[in-house]
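Trainee: Here is my input, please return the structure:
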Amino acid sequence: MFIKEVYIQRRKELRMHMKNGVVLFLGNNDTPMNYPGNTYHFRQDSTFLYYFGLDFPGLAATIDLESGEEIIYGNDFDIDDIIWMGPQESIQHQAAKVGVAKTKPGVALDDFIAKTHKQKRILHFLPPYRADNKIKLHQLTHISFDNLKYASVELIKTVVKQRSIKDDFEIAEIERFMEVGYLMHTTAMKMAKPGVVEQEIAGAIEGIALSCGGVVSFPVILSKRGETLHNHSHNNLLKKGDLLLIDAGAESPLHYATDHTRVAPVGGKFSEKQKDIYEIVLKANMDAIKAIQPGVPYKEIHLLAAKVIAEGLKDLGIMKGNTEDAVANGAHAMFFPHGLGHMMGLDVHDMEDLGEDYVGYDEEVSRSNQFGTAYLRLARKLQPGFVLTVEPGIYFIPELIQQWKSEDRFNDYINYQKAIEYIGFGGVRIEDDVLVTPDGYKVFGKPIPKTVADVEEMMNL
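Mentor: Down below sits the predicted model:
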């Protein structure tokens, strides 16, 4: 965890922005894999980590916005726990590390919430995303399961406002673990040889994250079928001429994420056809990064990347017509059907549990209903301290090409005869992690090879 003053200041800022009622934070619990004693790797709730920093199960916390009283609820470990887990610090000792003086047993939370309800005070809570915490909230508040989704909008907006701006401690932690992301991706590049099964590479890079003291920040996406955006199957045998898409990141011991995507030509050399598509995506990636600065809506940068992609595909004869009109009408989404990027921090898709529209949109920028652009997770104006991904891509999805062709969609902008020639090509995505600074941007970490020459050089070391 960070120094306790970090957590004290975060809670102080929360109280400054919210005046009335009680805030309830539920930590996460262990989750059984196949029987109660065999659990998945524990992952604490990110917002609980942000304000209270304690990284073990069975905790909850409250903040009284009027009195300022802060309480952490949890049970000390007994001798049975110690036998299996070794000596454990008390809850009170742990709470002191994050500047909370008052602790109570877990059962005391029931009485506290009942008292809050009896006094007709406002109870603020965030949207629960785990079944056990949904049950707990229902038991505490007697709110029906259907209505638990009506969490405190005031609290959601306050948390988003705070967590969106990364402080110096967070930035340093993200930067520190970028070296692990570099090692994961360069290892994958070197392993992408004919005769290798994808799972060998996926296992190796997940092992790197573990061996460096972390875990992967999301299930590894690694496949020569890169046209499937979230392809978690690793069963393919690599052959010379395949394109291997690797979308992977590491999560630090303090749970801050990295997230990069690179593409490696199996055998170590891009074909001319592959190089043509790759260079378009690389230009979209680099032009988008250069456009990052405070005050610019990220939706504008997304559309900039879309125009680069449409113009590049037009040069290859795959698209046609006026580029501005093609993007305005959404024809580019045949090949670029997702958003340019997302916020990143304690979650690889930062704060997505709080509601994507609260995180990526606001009163000034609303979500598009156009296919492709509608999937943009971050659209609002950028601010110093935002950490985000830049990940344009080009994909040749057989089913999408065939569907749009059969519907005669965008015939003025898409050359279907040429597009069909690329079925089986796969997909290309290039992704970097970027900090918005007061005067522009900073790309995190040691540069992972992404030019054609640098990728080929790394693969042939």
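
Trainee: which residues are in contact with the lowest-mean-pLDDT helix or strand in the chain?
Mentor: For the chain, counting by mean pLDDT, DSSP states H and E, helix 79-85 ranks last in confidence among helices and strands (a mean of 83). Helix 79-85 has contacts (C-beta atoms under 8 Å, 6 or more residues apart in numbering) with 77, 88. C-beta coordinates here come from the backbone N, C-alpha and C atoms, glycine included.

Trainee: What's the first helix or strand after that helix?
Mentor: As assigned by DSSP states H and E, the chain's next helix or strand after helix 79-85 is helix 91-96.

Trainee: Tell me which strands whichever helix or strand comes after that next one pairs with, and in which orientation.
Mentor: Next along the chain after helix 91-96, taking DSSP H and E as the criterion, comes strand 102-104. Here strand 102-104 is paired, per DSSP bridges, with strand 70-73 (parallel).

Trainee: ranges for the helices of the stretch 251-400 of the chain?
Mentor: For the stretch 251-400 of the chain, the helices defined by DSSP state H, counting those that start in this stretch occupy 272-290, 298-315, 323-329, 356-360, 398-406.

Trainee: Identify whichever of those lies nearest to residue 259.
Mentor: Among the helices of the stretch 251-400 of the chain, helix 272-290 comes nearest to residue 259, with 13.6 Å by C-beta to C-beta.

Trainee: so what's residue 78 scoring on pLDDT?
Mentor: We note a pLDDT of 85 for residue 78 in this prediction.

Trainee: give me the number of residues near it?
Mentor: 9 (other C-beta atoms under 10 Å).

Trainee: Same check on residue 311?
Mentor: Neighbours of residue 311 under the rule other C-beta under 10 Å: 18.

Trainee: so what's it closest to, chain neighbours aside?
Mentor: Computed as C-beta to C-beta, 6 or more residues apart in numbering, the closest residue to residue 311 that is not its neighbour in sequence is residue 323, at 4.9 Å.

Trainee: How about residue 243?
Mentor: residue 426 (4.7 Å).

Trainee: Settle this for me: residue 379 is touching residue 303, isn't it.
Mentor: No - contact criterion C-beta atoms under 8 Å: residue 379 and residue 303 do not qualify, at 10.0 Å.

Trainee: between the two, which one's more packed in?
Mentor: residue 379 (23 against 20).

Trainee: Show the contacting residues for the more buried one.
Mentor: Residue 379 makes contacts with 297-299, 302, 360-361, 365, 367, as judged by C-beta under 8 Å, 6+ apart.

Trainee: my read is residue 61 is in a strand, agree?
Mentor: Yes - counting by DSSP: H, G, I helix; E, B strand; the rest coil, residue 61 falls inside a strand.

Trainee: That one against residue 71, yeah?
Mentor: Yes - with contact defined as C-beta under 8 Å, residue 61 counts as touching residue 71 (6.6 Å).

Trainee: what do those two both touch?
Mentor: Common neighbours of residue 61 and residue 71 (C-beta under 8 Å, 6+ apart) are residue 100.

Trainee: Comparing these two, which residue is more hemmed in?
Mentor: When residue 61 is set against residue 71 and neighbours are counted by other C-beta under 10 Å, the residue ahead is residue 61, at 24 against 19.

Trainee: Give me the nearest residue to residue 19, chain neighbours excluded.
Mentor: Per C-beta to C-beta, 6+ apart, closest to residue 19 is residue 65, 6.0 Å.

Trainee: re earlier: distance of the residue nearest to residue 243 relative to residue 156?
Mentor: Noted for residue 426: a distance of 39 Å to residue 156, by C-beta to C-beta, to the nearest Å.

Trainee: So these two - more neighbours on which side?
Mentor: residue 426 (24 against 21).

Trainee: What residues does the more buried one make contact with?
Mentor: Applying C-beta under 8 Å, 6+ apart, the residues near residue 426 are 224-227, 242-243, 245, 395-396.

Trainee: Mind checking which of those are in strands?
Mentor: Using DSSP state E, the members of those that fall in strands are 243, 245, 395.

Trainee: circling back: next, format the contacts of residue 379 as a markdown table and append neighbour count.
Mentor: Shown next, in a markdown table, are the contacts of residue 379 (neighbours: other C-beta atoms under 10 Å):
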| residue | neighbour count |
| --- | --- |
| 297 | 16 |
| 298 | 28 |
| 299 | 22 |
| 302 | 26 |
| 360 | 27 |
| 361 | 18 |
| 365 | 17 |
| 367 | 16 |
